[in-house]
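Enquirer: what follows is a predicted protein model with its sequence.
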Amino acid sequence: MSETPSRRERRQLERQRRPQRGHGPAPRRPRRIGGIWIGLGVVAIAIVGVLAAQALGVIKTGPPPVDLDQGKYQVGPAEVMGEHLPDEGNGHVGGGQKVSYGSTPPASGSHWGQPAGPVPWGIKDQQLPSEAVVHNMEHGGVVIWYKGLTAEDTSKLKDLVALLRTNGYNKIVLMPYADMQDARVAVSAWRWLLKLPSYDDAPIVKFVKAHYDGPDAPERGLP
């Protein structure tokens with residue numbers, strides 16, 4: 001007699017071997033605690049690295065938001081920003097030709113014509129010839145000159161100029177000026193000059209507001 005189980009018996013054995021739903025303990029999943037701790041460690045190291053880079057100045061977080069409409073930046077009705085200087089003319093001379101100006105830095109006078117001047121607006125890390133940037137003032141722009149500032153104040157000045165240029169005062173040139181003897185910062189527009197003993201954001205902003213594209217500029221409104 002054969003001892004081989006029949007098909008029916010085999011099916012019964014298979015059903016007995018299968019785990020029934022809802023009965024017995026669920027299979028254990030492998031623990032991932034080690035992987036979680038490794039991930040948290042990587043995040044912590046990254047945060048420490050960013051903070052260290054910011055402390056060393058490698059990463060700049062940028063200046064805090066500044067409201068140019070706040071009270072300290074408003075020009076009073078009777079407030080005069082800077083000294084009103086005589087008009088030294090606005091004739092053009094050949095590129096490379098030196099011009100003698102009545103003030104240091106200049107606020108008007110003969111200057112280089114195109115293509116030597118005006119120079120592109122913006123922040124410069126090197127001093128440009130006065131004969132070129134005077135042409136910028138002829139177009140109604142403002143030139144900010146600085147000398148001997150600390151690295152921190154230089155950074156603040158650059159941030160301020162960037163803020164002004166993105167808030168309607170695009171025609172500004174900022175550059176170092178080795179020829180200045182009696183100030184650390186000077187701000188000039190056509191026939192107007194303001195000198196400051198140190199970096200001070202309020203008078204700089206007020207000067208720009210008062211004289212940007214002002215009526216004294218012979219070619220105000222030009223780019």
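Expert: Received, thanks.
Enquirer: count residues in the vicinity of P120, would you?
Expert: Residues contacting P120 under the criterion other CB atoms under 10 Å number 7. Yep, even glycine has a C-beta here, placed from its N, CA and C like the rest.
Enquirer: which SSE is it in?
Expert: Applying DSSP states H and E as the criterion places P120 outside every helix and strand.
Enquirer: where does it land on pLDDT?
Expert: Here, the pLDDT recorded for P120 equals 98.
Enquirer: same question, the one 5 residues further on
Expert: The per-residue pLDDT reported for D125 equals 97.
Enquirer: domains of this structure?
Expert: Following automatic domain parsing, one gets these domains for the chain: 31-61, 71-211.
Enquirer: go through these and pick out the most buried.
Expert: Ranked by mean neighbour count under mean count of other CB atoms under 10 Å, the domains of the chain are led by domain 71-211, which reaches a mean of 17.
Enquirer: what about the strands in this protein?
Expert: Ranges of strands in the chain, per DSSP state E, are 83-84, 92-93, 111-112, 122-123, 142-146, 172-176, 185-189, 192-196.
Enquirer: switch these over to JSON lines; also include distance to A162.
Expert: JSON lines is the format used below for those (distance: least, CB to CB, whole Å):
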{"stretch": "strand 83-84", "distance to A162": "27"}
{"stretch": "strand 92-93", "distance to A162": "31"}
{"stretch": "strand 111-112", "distance to A162": "26"}
{"stretch": "strand 122-123", "distance to A162": "7"}
{"stretch": "strand 142-146", "distance to A162": "12"}
{"stretch": "strand 172-176", "distance to A162": "9"}
{"stretch": "strand 185-189", "distance to A162": "16"}
{"stretch": "strand 192-196", "distance to A162": "19"}
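Enquirer: W37 is nearest to which of those?
Expert: strand 122-123 (46.7 Å; CB to CB).
Enquirer: and that closest one, how far out from the chain middle?
Expert: Relative to its chain's centre, strand 122-123 lies at 10 Å (CA atoms, centre = their mean, to the nearest Å).
Enquirer: you'd agree I123 is up against K158?
Expert: Yes. Counting by CB atoms under 8 Å, K158 is a contact partner of I123 at 5.5 Å.
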